[in-house]
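**Q** All I have is the shape, not the residue letters:
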């Protein structure tokens, strides 16, 4: 994804403290498709019978994005934020 695509897909931003190194950014991005399924499909790595994650209520999937997309797809922003929080030791301050 390009920087412009990431910016356009961002629905929430926050920061978290990484030790003594300062504040680190985190985003929640939304996509109209299952990112990991699309990657596996493009790489011809789909498992037999594998299907994309069903889209959420608004036709979107949400992902935690630290430096890249991290973790699975979620059907809500709240779930994606919870996942992001579980990956860091300090509290994420959402804007």
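**A** Yep, it's here. Predicted model, so just to flag it, every value in this text is computed and none were measured.
**Q** Please report the distance of residue 52 from residue 35.
**A** Using C-beta to C-beta, to the nearest Å, residue 52 is found at 9 Å from residue 35. For every residue, glycine as well, the C-beta is placed using N, CA and C.
**Q** cool, and residue 74?
**A** Taking C-beta to C-beta, one finds residue 74 at 12 Å from residue 35.
**Q** With neighbour numbers in mind, choose between the two.
**A** Between residue 74 and residue 35, counting by other C-beta atoms under 10 Å, residue 74 is the more crowded of the two (22 against 17).
**Q** Got phi/psi on the more buried one?
**A** Per-residue torsions, residue 74: phi -130, psi 150 (degrees, to the nearest 10).
**Q** which residues touch it?
**A** Counting by C-beta atoms under 8 Å, 6 or more residues apart in numbering, residue 74 touches 56, 61, 62, 63, 80, 83.
**Q** tally of neighbours for the first one?
**A** It stands for residue 56. 16.
**Q** Skip the chain neighbours and tell me the closest residue to it.
**A** Of all residues not flanking residue 56 in the chain, residue 75 sits nearest, at 3.3 Å (C-beta to C-beta, 6 or more residues apart in numbering).
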